[in-house]
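# Give me a 3D structure for the following:
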Amino acid sequence: MLTDSRSFLSYTRHEYFRRILCNLIGEWVENGEYPGDMEFLGCVVRDICYNNAVEYFGIDL
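Sure thing, here's the model as predicted:
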């Protein structure tokens, strides 16, 4: 398959992952299992969803 349709369909999968991740972290914060610092939580989510992959694959941005 050489079209961009795979990329289009994978968007939904990545969006679900981010929503599930944020929901899980939100539950941890509500239960007092994780700090409620929004700046720190934003960094955690960005690292998991984006920065770790950039670093792992050595992408120079």
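
# need the contact list for residue 45.
Contacts for residue 45 were tallied using CB atoms under 8 Å, 6 or more residues apart in numbering; they are 18, 21-22, 25. Glycine gets a C-beta too; all of them are placed from N, C-alpha and C.

# got these as JSON lines, with neighbour count and pLDDT columns?
Formatted as JSON lines, the contacts of residue 45 follow (neighbours: other CB atoms under 10 Å; pLDDT from 0 to 100):
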{"residue": "18", "neighbour count": "13", "pLDDT": "92"}
{"residue": "21", "neighbour count": "14", "pLDDT": "95"}
{"residue": "22", "neighbour count": "15", "pLDDT": "95"}
{"residue": "25", "neighbour count": "16", "pLDDT": "97"}
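
# Residue 41 - nearest residue in space that isn't next to it in sequence?
residue 25 (6.1 Å; CB to CB, 6 or more residues apart in numbering).

# The helix or strand bottoming out on mean pLDDT in the chain packs against which elements?
When each helix and strand of the chain is scored by mean pLDDT, DSSP states H and E, helix 5-30 comes last, with a mean of 85. Here helix 5-30 touches helix 38-46, going by 3 or more CB pairs under 8 Å, 6 or more residues apart in numbering; DSSP states H and E.

# Quote the end-to-end distance of stretch 52-61.
13 Å (CA to CA, to the nearest Å).

# average pLDDT for it?
Mean pLDDT, stretch 52-61: 90.

# and the most centrally placed residue in the chain, helix, strand or coil?
By CA atoms, centre = their mean, the chain has its centre lying nearest to residue 49, at 2.8 Å. On the three-state scheme (DSSP: H, G, I helix; E, B strand; the rest coil), residue 49 is labelled helix.

# cool, and residue 53?
Going by three-state DSSP: residue 53 is helix.

# what number of residues lie near it?
Residue neighbour count, defined by other CB atoms under 10 Å, stands at 11 for residue 53.

# and what of the one 3 residues further on?
Residue 56: 8 surrounding residues under other CB under 10 Å.

# check contacts around the residue nearest to the centre of the chain.
Taking CB under 8 Å, 6+ apart as the criterion, residue 49 is in contact with 14, 17-18, 21.
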